[in-house]
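Colleague: fold the stuff below for me.
(chains A and B)
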Amino acid sequence: MFKFCSVAAAALLVGWSATAQQAPFGIGHKITDAQIAPWNIDIRGDDGAGLPPGRGTVAAGEKLYVQQCASCHGEFGEGNGRWPELMGGRGTLTHDDPRKTIGSYWPWAPTVFDYVRRTMPFAAPQSLSDDETYSIVAYLLHLNDLLPADASLDAKALAAVRMPNRDGFIVGDPRPDVRAVPCMKDCKKGEIEILSDLAKSLGVTPNQRPKD
Amino acid sequence: MKAGRRTFFKRGLAAGGVAALATQHPKMLAAQGGLDGKPLEVPDWTKMLGPGVTAEPYGVPSEFEKNVVRRNVPWLTVSEQASVSFTPLQDLDGIITPSGLCFERHHGGTPTIDPEQHRLVIHGLVRQPLVFTMADLVRFPSVSRICFVECPANGGMEWRGAQMAGLQFSHGMVHCCEWTGVKLSTLLDEVGLVPQAKWLLAEGADAAAMTRSLPIDKALDDVIVAYSQNGERIRPEQGYPLRLVVPGWEGNVHIKWLRRIKLGERPWQHREETSKYTDLMADGKARQFTFVQEANSVITAPCPEKPLKDKGFYEIRGLAWSGHGKVARVDVSVDGGRNWQSAALQEPILSKCLTRFRLPWRWEGGPAFLQSRVIDETGYVQPTIAELRKARGVNSVYHKNSIHTWRVNVDGTLDNVQIL
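Modeller: From the prediction side, this is the model:
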């Protein structure tokens, strides 16, 4: 009885009015932060909100990286074969063949932690501990000349890393950026000018047979 | 002669040759079936009983449609788990994509999820975090809508030039289904948004634990937390048992295998909205959060996979769509954009949905350049590739929605070309 009263009083105190604030359908189950914790793994890129306690070092990261990542991403992050490269490419974003990597393209360092912890190594996602992730991220940043070889990394240090392409993004959609006019008659003069006619001869299109 | 052919026919079947039958079938019809002055024949399938009901408890397409399948481009990605397959648009009619033919795009393969154990958590800047079972979710008031889902990289292989000798690969990263579920706004009401909640993070339960940030205005507008696709529970590769459907917006935000929604103040800047799904411009700056799939269209018949056989009548058919709303008009040109005619649009014309267009045409056997150009209800006109390149360069990867050209050659074959 006493318990019931105090719950009711607490509800009144925080201003719950049954009409305005109660869940309209009453379907679903209350859940606490502690219950959600195993799934609550997101880290905000721009300030590192959500980064866990713990720390790692470039040196420890190199060992882990060689064991768990290098087979695909290359010993120095250069990417084995066609597996993604994780380093280099700075200054290439305006080139014919831009190389978009952590070092050249990613605007926020904590995003690397978020991504590696949630989904790498590719065949064993969410198997790295927080300390291991800090170490591997430290090594990835080192490969991109963003941390010295003797560096260690924790939440604060990671959020403080300034990525080279931090200011490389235009936020807000500027489209429509092309305003075409729908001409109907005699819209072009002369021969049709072909810009590109290699689709057949390139031979990169898979054949049409069903997959066996 | 006739008996001999029959014997061969049966032997082919006995030899396990349903596939062999499939390849011979058209020839046999032509030889038998009332053509070239020959009488019609009564075929075997009319003279014997076929299998009874529930021979296939879950029906499958005819054996003769084995070629109508999704295909991938092996050189495009290094792993089939982080890859894409393409819808066979060249084989489809109408606006609904059969569930099993919808293009796939995964970053960590398709998880096998037991719906009894699946959970959706909504938390963060809410008054009361809640967890829902699938049974909970289907109890809420439901909505159904038909809309397209298009990967923003659809056509992205062709920013620099025509590369894919077929419609399936040039445009097959789009599908259109009826989705049923609960409006996200209904669920957000249930947890109660606090005023600071301006964005949300949606997260999948797959090996990629795929995440994307979405602004709250869209979430409260028309986003659906869907459990059904084309009338049945969603296919595993499309997000079973739960996916986000974000009408008109790029495919990557339609988070499959949805397990968690977190409300926050601003976007999370995750890998899929920084490293990927950002549009690199010629000056080296990249556009971020370019969510809407602007209007696009393509001629689906004829196309490289469906060449012209004889001179004479053809119906030019195609698909048009816009992430901003309804298709208002589609123009078709057979002379490479010199002259255009407006095509007929097939009802229903729905917002953010594939729309069929068609135009009667006589092919006289000469070369032709077929193009379609969509105008949507906002007045937006599908641009040429030259106009797009002028505005964005060729490094964008995403959001290439330019007018597409099929060149008809004198032998009736078609090529993917880009013209000025």
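
Colleague: neighbours of B:Trp45, how many?
Modeller: 8 (other C-beta atoms under 10 Å in any protein chain shown). C-beta here means a position set from N, CA and C on the backbone, and glycine is covered the same way.

Colleague: and the longest helix for chain A?
Modeller: helix A:130-143 (DSSP state H).

Colleague: list the contacts of it.
Modeller: Contacts to helix A:130-143, defined as C-beta atoms under 8 Å, 6 or more residues apart in numbering or on different chains, come from residues A:52-58, A:60-62, A:64-65, A:68-69, A:76-77, A:86-87, A:102-103, A:109, A:112-113, A:116-117, A:128, A:147-149, A:151-154, A:158, A:161.

Colleague: ok, now with 7 Å
Modeller: A:52, A:54-58, A:60-62, A:64-65, A:69, A:76-77, A:86-87, A:102, A:109, A:112-113, A:116-117, A:128, A:147, A:149, A:151-154, A:158, A:161 (C-beta atoms under 7 Å, 6 or more residues apart in numbering or on different chains).

Colleague: A:Lys100: neighbour count?
Modeller: As a measure of burial, A:Lys100 has 22 neighbours, counting by other C-beta under 10 Å.

Colleague: same check on B:Pro267?
Modeller: Neighbours of B:Pro267 (other C-beta under 10 Å): 22.

Colleague: what's the answer for the one 4 residues further on, then?
Modeller: For B:Arg271, the count of nearby residues is 23 (other C-beta under 10 Å).

Colleague: surely it touches A:Val116?
Modeller: No. Taking contacts as C-beta atoms under 7 Å, B:Arg271 lies outside contact range of A:Val116: 9.3 Å.

Colleague: sec struct for A:Ala37, please.
Modeller: Secondary structure state of A:Ala37, per DSSP: H, G, I helix; E, B strand; the rest coil, is helix.

Colleague: for it, what are its contacts?
Modeller: Going by C-beta under 7 Å, 6+ apart, the list of residues near A:Ala37 is empty.

Colleague: averaged pLDDT, the longest helix of chain A. What do you get?
Modeller: Taken as a whole, helix A:130-143 carries a mean pLDDT of 98.

Colleague: for the following helix or strand past it, which strands pair with it and how are they oriented?
Modeller: Next helix or strand after helix A:130-143 toward the C-terminus (DSSP states H and E): strand A:152-154. Each strand paired with strand A:152-154, and its direction, by DSSP bridges: strand A:55-57 (antiparallel).

Colleague: contact partners of the strand it pairs with?
Modeller: Contact with strand A:55-57 is made by A:Asp131, A:Glu132, A:Tyr134, A:Ser135, A:Ala138, A:Ala151, A:Ser152, A:Leu153, A:Asp154, as judged by C-beta under 7 Å, 6+ apart.

Colleague: which helices and strands does the next helix or strand after that strand pack with?
Modeller: Using DSSP H and E, the helix or strand that follows strand A:55-57 towards the C-terminus is helix A:58-68. Helix A:58-68 sits against helix A:130-143, with contacts defined as 3 or more C-beta pairs under 7 Å, 6 or more residues apart in numbering or on different chains; DSSP states H and E.

Colleague: against B:Glu56, how distant is B:Ser182?
Modeller: You called it Ser, but residue B:182 is Val. Distance of B:Val182 to B:Glu56, computed by C-beta to C-beta, to the nearest Å: 32 Å.

Colleague: who has more neighbours out of the two?
Modeller: It is B:Val182, of B:Val182 and B:Glu56, that has more neighbours when counted by other C-beta under 10 Å, with 24 against 8.
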